[in-house]
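**Student:** After the sequence you'll find the predicted model.
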Amino acid sequence: MDVIEPVMEDACIERLREFFSEHPKTALAFSGGADSAFLLHCAKKFGCDVRAYYVSTEFQPQFEKDNAVLICGLEDADLTILEDSVLSDIDIISNGPDRCYHCKRAILSKIAEASKIDGYGIIIDGTNASDPEDDRPGMKALKVFGIFSPLRSSGISKSEVREYSKKEGLLTWDLPSYSCLATRVQAGRPITGEDLERIERAETYLRFIGFTDLRVRSVGGNRALVQVTREEYASAEENWESIETTLSDDFDKVTLDPEPRR
């Protein structure tokens, strides 16, 4: 496959090419989202020996794993799926302010162990230049494990990832950003497998009937708060009776957030 010329002429892309020239063999912490999919695509284009590692836990929905497999297949890229359970880690399921750090640490630890055995000396991830460079728990975990973020170091923002991905014909160019299922559980409330299963069933149903960018939040007392974008809000109102009926199989009360999701 030939790289589309407008992408190749961009200075940021040239810096990304230089990164892979300097690091010709890398392991990629892979989610299947727009950022990591674009990074995988570029690594392959620029001749890097790259292997994607996807860690499957109770926090990841099935569709995300399916996407990871599909994308790696389309890119003819090697993929290792690592199964792990996070529900036995009290630092994670207690759902405190550092939950994301402990979860990220567990995931990166699995990738570091597996990639070292496979002979990969460095790990990269899809953090881009739009992501805040602060002490957020997830960013702290990246620093602890010495993860390289070539999109960020090349100055490539989220909007540019989408622009370049569209030019390259990647299916992920307009894929909505997605956070793990644990983020749906009210902070401070312990996370259970039952919670995660209910949330995933609800979000799977909403995607099945046509919604693309949504969240179903568990807000305590077995109540669900459905959040959709402004573009899809009218559709949610129009179909609310059937949505409420279906989700009521898992939740005692289901509410549509009056504020559209941004």
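**Tutor:** That came through, no problem. Note that the structure is predicted; figures quoted are calculated from it, not measured.
**Student:** hey, where'd the strands end up in the protein?
**Tutor:** 25-29, 49-56, 78-83, 123-124, 214-218, 223-228, 253-256 (DSSP state E).
**Student:** With respect to residue 145, which of those lies nearest?
**Tutor:** strand 123-124 (6.9 Å; CB to CB). Quick note: C-beta positions are derived from backbone N, CA and C, even for glycine.
**Student:** contacts for the closest one?
**Tutor:** Residues external to strand 123-124 that are found in contact with it (CB atoms under 8 Å, 6 or more residues apart in numbering): 23, 26-29, 39, 43, 108, 111-112, 115, 145-150.
**Student:** cool, stretch 103-113 as well?
**Tutor:** Contacts for stretch 103-113 (CB under 8 Å, 6+ apart): 27, 29, 53, 55, 57, 59, 82, 84, 86, 89, 92, 123, 137-138, 141-142, 144-145, 147, 180, 182.
**Student:** Could you tell me the per-residue confidence at residue 207?
**Tutor:** pLDDT recorded at residue 207 is 96.
**Student:** likewise residue 191?
**Tutor:** On the pLDDT scale, residue 191 gets 96.
**Student:** if I pick the residue nearest to residue 210 when sequence neighbours are not counted, what's in contact with it?
**Tutor:** Closest residue to residue 210 apart from its sequence neighbours, by CB to CB, 6 or more residues apart in numbering: residue 235 at 7.0 Å. Listed by CB under 8 Å, 6+ apart, the contact set of residue 235 reads 210, 211, 228.
**Student:** list the contacts for the second one?
**Tutor:** When contacts are counted by CB under 8 Å, 6+ apart, residue 211 is found next to 228, 232, 235, 236.
**Student:** Highest neighbour count among the residues you listed?
**Tutor:** Within those, most neighbours by other CB atoms under 10 Å means residue 228, with 23 neighbours.
**Student:** Verify the stated contact: that one with residue 238.
**Tutor:** No: Residue 228 is not in contact with residue 238 according to CB atoms under 8 Å; the separation is 11.6 Å.
**Student:** Test my guess that residue 136 contacts residue 97.
**Tutor:** No: counting by CB under 8 Å, residue 136 sits too far from residue 97 to count as a contact (10.4 Å).
**Student:** So which residues of the stretch 151-262 of the chain form helices?
**Tutor:** Per DSSP state H, counting those that start in this stretch, the stretch 151-262 of the chain carries helices over the ranges 158-167, 193-208, 230-238, 240-247.
**Student:** Show residues contacting the longest one.
**Tutor:** The set of residues external to helix 193-208 that reach it, using CB under 8 Å, 6+ apart, is 58-59, 61-63, 87, 181-182, 184-185, 214-218, 224, 226, 228, 243, 246-247, 250-251.
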